[in-house]
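1. Sequence and predicted structure are below.
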Amino acid sequence: MDRRACLTLTALGAAGLAMTLPARAAALPIILYVDLSVDPAREKEFLDAYHNHFKPVAKTHEGYVDLTVARIDKVLQGAAPAKSVNYRFQLTWQSEALRQKWVASAEHVANWPLLEKTLTNKNYTVILTHAV
């Protein structure tokens, strides 16, 4: 292969890579974290609402990737969330626009209160992130 052909292939490869990077970034999901203070006396009710109502309905909506609720056991390093925070909710969606569509849906409006009513503090921290 001569020098000109090699340079042409290199340029084409670089151009192709440049075109795929924005497309890749646009295809990466958003991840929403919510720190929740679930009333210990209502944990069973919270988990039942999550597993039997909220998550099954969320799965049916366009853009759904994953939904996880995790109980916080202890902080191993760094600053802890507020003392009353005992659960972290993690929602992964294909895009923020599709997540907003889910939030506005009748199913979300009907099922989020099942979780929220078990909280001792409704002023929860919500963090929106984008996968990179």
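-> Nice, thanks for sending it over.

2. Listing partners with orientation, what would you give for the strand ranked longest in the chain?
-> Ordering each strand of the chain by length in residues (DSSP state E) puts strand 119-130 first. Strand 119-130 pairs in its sheet with strand 30-38 (antiparallel), by DSSP bridges.

3. quick one: the strands in the protein?
-> Ranges of strands in the chain, per DSSP E, are 30-38, 64-71, 87-93, 119-130.

4. Next, please give the residue ranges for the helices of this structure.
-> 3-27, 43-49, 55-58, 96-103, 106-116 (DSSP state H).

5. could you say what helices and strands the shortest one packs with?
-> Helices and strands touching helix 55-58, as assessed by 3 or more C-beta pairs under 8 Å, 6 or more residues apart in numbering; DSSP states H and E, comprise strand 64-71, helix 106-116. To be clear about C-beta, it is placed using only N, CA and C from the backbone, and glycine gets the same treatment.

6. go on, the second one?
-> Packing partners of helix 43-49 (3+ C-beta pairs under 8 Å, 6+ apart): helix 106-116.
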